[in-house]
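A.B. asks: predicted model and sequence below, questions to follow.
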Amino acid sequence: MPEDVRHRRSPRPAAARAIGVQIARALRGGARAWLVLALVIVSLGGLAAGLAPLTLKILVDRLSAGATPSLALLAPGVGAYVGALLVQRLCEQIQSYAYFRGEQRLVRRFGAQTYAHILALPLPFHLDNKSGALAQALADGVLGLRLLLTHAILSIAPVLIQVVVACVVLGAVLGPGMALVLLVSLASYAAVFAWSAFGVHGAVKGISAAQGDVGGATADGLLNIEAIKAFTAEQRYARRYDALLEKTEAHWRRYLARRLAGGLAVAGVFALAMTATHLLASLQVLRAGLTLGAFVLINTYLLQLIRPLEMLGFAVRDIGQALAYLDRIGAILTEPAEGETGARESALPAPSTPAELVFDEVSFAYPGRQTLDAVSFRAAPGQTIGIVGPSGAGKSTLLRLALRFLEPSAGQIRLDGAPLDDLSLAALRRQIALVSQDTILFNDTIAANIALAADDADPKAIAEAAEAARLAPLLAILPDGLQTRVGERGLKLSGGEKQRVSIARAALKKARLVIFDEATAALDPGTERAVWEAMAGLSQGATTLVVTHRLATVAGADEILVLEAGRVVERGRHGALLAMGGVYARLWRAQAFSVAPVALDDRASLASSL
Ligand SMILES: Nc1ncnc2c1ncn2[C@@H]1O[C@H](COP(=O)(O)OP(=O)(O)OP(=O)(O)O)[C@@H](O)[C@H]1O
């Protein structure tokens, strides 16, 4: 079971590799060409900026050589100087366009790929992590990528090019000593930046984790707004939220302190570097009697490099922040997605007949908790298998195994004779429809919610599925019918209506294996009966697994499994189980039947009503 990503320290190299792979994939499809173009233009601009002072030196030397000033004398120098500056300005404009085109494409692809990866992570990962924190990690990761890229291409690359050109020109004009002093100064500067960025990186990681907690708490509270109000827990949740914000503020304080210390150290090194460069330059001018043009050259370089060097400082600091942002998404990217082992999907298209499902000595344990122990059964094509037993017996876990949300720790599950892990997950899940107790709908229209199983579902098929799920009476009173929006998590519909949307979803899928997990547990008897009728319609022509606490609903099942503490303690048909006088008979007697819901296998009478 994966740890909560907020608190795990993923192995850095693995996370960095995962991000690298993701960025490399995202670069394909247009982004790379734009970014390479941006780099080329940045290089051209940097070269022009680096050479501009040299053209100025030539101009000043001509002016100070004592020759009679004339247009012919000045024009080439002025032209070269202005031309170099113009090229630099033009490059700045064009590089922005090219860069942001590439950045937008890259960010889009990176975001889409990462979101797809998160969706593909196994269910246990999602159960262990807060959705809000995952959303925050994704947003941070995208922000981190943008910061990294912007600085790499728009800040660092131009500075490096200008510095190299300046060193080469200064070395050629004033000798290697001057170039060496400049390089040593820059190296010290870079070292102090690295130290500063390292400190900031640690502090930002704390902020990022704290903001993840805040994001998680925000979503948690809003998702449970009804419960919070019903239990008058508003103040408590607001206080808890404030406590998390307080922690975030503390991390920000630490970050600001580190940033200040780093900034001061950088400023100190900068002053030292400038003093050394200036002193050496002045000495050379005095001793060697350098030309006025050479003196102008040194000063122009110094003035010209101050700003880019400061920008480099900001860049390195932001990169520390960007890496911290990327750390968390890197940890998520190292999580393995659900297994895709099967190759049968294209070779063998699933038949349209009901499926055969076999559990063969299947065991499963959540961490530290044995949950299922050597469970075996066979659901023959078209049969209905009831699964009953006390709360916590492992019924839902068994269904999750059938859908391969979880993997057995021992034993084998087979669909139509093939082990589940011989099928791709998509091929497996396409054949199964799940109707569970907690139906959460998307904040979209009823039609879009029904069409979850197929992007290109035919409106007629959606209407038929709605009809089969007994949604017609509801749709008749809604002014927008199937186009009615259901609100956040479907809160504008009642529990029974939501269940019927969920059944329509399954009906549209025309599944070969239908799984009901306490599908009507939350409904009143009248609604329950209507929903069961819809469910019975759905299980026509399919093999059906029904988990329920209401024994009457599986009384007609072909086989009933009684689970207790993860073991099948009794099995058989309703009558035989009652005659056995064991757990099932006790549960049966204990239940008071206020209504007699339609049994799922009462198909003959239902077929006519469908
Ligand atoms: N993600 C999980 N991590 C750890 N333990 C879990 C997890 N999900 C369920 N369990 C535990 O596994 C056991 C079986 O749970 P399961 O949901 O399968 O029971 P159930 O028979 O469906 O119960 P109920 O009838 O109440 O829905 C329970 O003890 C439960 O606490």
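C.D. replies: Arrived safely, thanks for sending.

A.B. asks: if I look at Gln499, how far off is Leu578?
C.D. replies: Gln499 sits at a distance of 29 Å from Leu578 (criterion: CB to CB, to the nearest Å). All C-beta atoms are positioned from the backbone trio N, CA, C, and that covers glycine.

A.B. asks: sorry, slip of the keys, the one I care about is Leu147.
C.D. replies: 68 Å.

A.B. asks: and if you look at Leu244?
C.D. replies: Distance from Leu244 to Leu578, by CB to CB: 54 Å.

A.B. asks: more neighbours: which of the two?
C.D. replies: Leu244 (19 against 16; other CB atoms under 10 Å).

A.B. asks: how about the more buried one, secondary structure?
C.D. replies: helix (DSSP: H, G, I helix; E, B strand; the rest coil).

A.B. asks: is it true that it touches Gly212?
C.D. replies: No. Leu244 is beyond contact range of Gly212, at 9.9 Å (criterion: CB atoms under 8 Å).

A.B. asks: which parts of the protein sit against the ligand?
C.D. replies: Leu127, Tyr366, Arg369, Thr371, Ser391, Gly392, Ala393, Gly394, Lys395, Ser396, Thr397 (CB under 6 Å from any ligand atom).

A.B. asks: got those residues as TSV, with distance to Gly382 columns?
C.D. replies: Shown next, in TSV, are the residues of the chain next to the ligand (distance: CB to CB, whole Å):
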residue	distance to Gly382
Leu127	33
Tyr366	33
Arg369	35
Thr371	29
Ser391	30
Gly392	31
Ala393	26
Gly394	25
Lys395	22
Ser396	24
Thr397	25
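
A.B. asks: these in helices, which ones?
C.D. replies: Leu127, Lys395, Ser396, Thr397 (DSSP state H).

A.B. asks: most widely separated two among those residues?
C.D. replies: With CB to CB as the measure, no two of these lie farther apart than Leu127 and Lys395, at 16.9 Å.

A.B. asks: more neighbours: which of these two?
C.D. replies: Legend: neighbour count by other CB under 10 Å for Leu127 and Lys395, higher for Lys395 (24 against 11).

A.B. asks: spatially nearest residue to that one, not counting backbone neighbours?
C.D. replies: Val547 (4.4 Å; CB to CB, 6 or more residues apart in numbering).

A.B. asks: that neighbour is in contact with Ala393, isn't it?
C.D. replies: No. With contact defined as CB under 8 Å, Val547 does not count as touching Ala393 (9.8 Å).

A.B. asks: and those two? which has more neighbours close in?
C.D. replies: Val547 (25 against 22).

A.B. asks: the more buried one: what's it in contact with?
C.D. replies: Contacts of Val547 were listed using CB atoms under 8 Å, 6 or more residues apart in numbering, and they are Ile387, Val388, Lys395, Ser396, Leu398, Leu399, Ile515, Phe516, Asp517, Glu518.

A.B. asks: what's across from it in the sheet?
C.D. replies: Assessed by DSSP bridges, Val547 has beta-bridge partners Ile387, Asp517.

A.B. asks: and Gln412, by the same measure?
C.D. replies: Applying DSSP bridges, one finds that Gln412 bridges with Asp360.

A.B. asks: quick one on the thing from earlier: Throw the contacts of Val547 into a markdown table and include pLDDT, thanks.
C.D. replies: Converted to a markdown table, the contacts of Val547 look like this (pLDDT from 0 to 100):
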| residue | pLDDT |
| --- | --- |
| Ile387 | 94 |
| Val388 | 92 |
| Lys395 | 92 |
| Ser396 | 90 |
| Leu398 | 94 |
| Leu399 | 92 |
| Ile515 | 90 |
| Phe516 | 87 |
| Asp517 | 86 |
| Glu518 | 81 |
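
A.B. asks: out of the residues you listed, which is most surrounded?
C.D. replies: Phe516 (30 neighbours).

A.B. asks: I'd say it and Val546 touch.
C.D. replies: Yes. With contact defined as CB under 8 Å, Phe516 counts as touching Val546 (4.7 Å).

A.B. asks: and the one helix or strand Ile329 maps to, what's its mean pLDDT?
C.D. replies: Per DSSP states H and E: Ile329 is located in helix 292-333. Mean pLDDT, helix 292-333: 78.

A.B. asks: from the chain's centre, how far out does it sit?
C.D. replies: 30 Å (CA atoms, centre = their mean, to the nearest Å).

A.B. asks: what is that helix packed up against?
C.D. replies: With contacts defined as 3 or more CB pairs under 8 Å, 6 or more residues apart in numbering; DSSP states H and E, helix 292-333 has these neighbours: helix 12-27, helix 31-63, helix 71-120, helix 131-150, helix 157-174, helix 176-223, helix 234-288.

A.B. asks: mean pLDDT for these - can I get that in JSON lines?
C.D. replies: Output for these, formatted as JSON lines (pLDDT from 0 to 100):
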{"stretch": "helix 12-27", "mean pLDDT": "87"}
{"stretch": "helix 31-63", "mean pLDDT": "89"}
{"stretch": "helix 71-120", "mean pLDDT": "89"}
{"stretch": "helix 131-150", "mean pLDDT": "89"}
{"stretch": "helix 157-174", "mean pLDDT": "84"}
{"stretch": "helix 176-223", "mean pLDDT": "80"}
{"stretch": "helix 234-288", "mean pLDDT": "85"}
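
A.B. asks: which one of the ones you listed lies closest to Arg404?
C.D. replies: For the helices and strands packed on helix 292-333, the distance to Arg404 is smallest for helix 71-120, at 12.7 Å, taking CB to CB.

A.B. asks: check which helix or strand Leu563 maps to.
C.D. replies: Judged by DSSP H and E, Leu563 forms part of strand 559-564.

A.B. asks: and Gly495, which of the helices and strands packed on helix 292-333 is closest to it?
C.D. replies: The nearest among the helices and strands packed on helix 292-333, by CB to CB, is helix 176-223 at 16.7 Å.

A.B. asks: can you give me the offset of the closest one from its chain's centre?
C.D. replies: Taking CA atoms, centre = their mean, one finds the center of helix 176-223 at 23 Å from the center of the full chain.

A.B. asks: next helix or strand past that helix?
C.D. replies: Later in the chain than helix 176-223, the nearest helix or strand by DSSP H and E is helix 225-230.

A.B. asks: what helices or strands is that next one leaning on?
C.D. replies: Counting contacts by 3+ CB pairs under 8 Å, 6+ apart, helix 225-230 packs against no other helix or strand.

A.B. asks: residues making contact with that helix?
C.D. replies: Gly221, Ala233, Glu234, Tyr237.

A.B. asks: for Leu182, see how far away the second one is.
C.D. replies: To Leu182, Ala233 is 64 Å away according to CB to CB.

A.B. asks: what do you get for the first one?
C.D. replies: Between Gly221 and Leu182 the distance, using CB to CB, works out to 56 Å.

A.B. asks: more neighbours: these two, which one.
C.D. replies: Regarding Gly221 and Leu182, a neighbour count based on other CB under 10 Å identifies Leu182 as having more, with 25 against 18.

A.B. asks: and that one, what does it touch?
C.D. replies: Contact analysis of Leu182 by CB under 8 Å, 6+ apart lists Val163, Ala166, Cys167, Leu170, Thr277.

A.B. asks: can you lay out those as JSON lines showing neighbour count?
C.D. replies: Shown next, in JSON lines, are the contacts of Leu182 (neighbours: other CB atoms under 10 Å):
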{"residue": "Val163", "neighbour count": "20"}
{"residue": "Ala166", "neighbour count": "26"}
{"residue": "Cys167", "neighbour count": "19"}
{"residue": "Leu170", "neighbour count": "26"}
{"residue": "Thr277", "neighbour count": "21"}
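
A.B. asks: and these, which is closest to Tyr301?
C.D. replies: Ala166 (4.9 Å).

A.B. asks: who's in contact with Arg512?
C.D. replies: By CB under 8 Å, 6+ apart, the contact set of Arg512 is Ala350, Pro351, Ser352, Thr353, Pro354, Ala355, Gln431, Ile432, Ala542, Thr543.

A.B. asks: least confident pick among these?
C.D. replies: Within the contacts of Arg512, Ala350 has the lowest pLDDT, namely 63.
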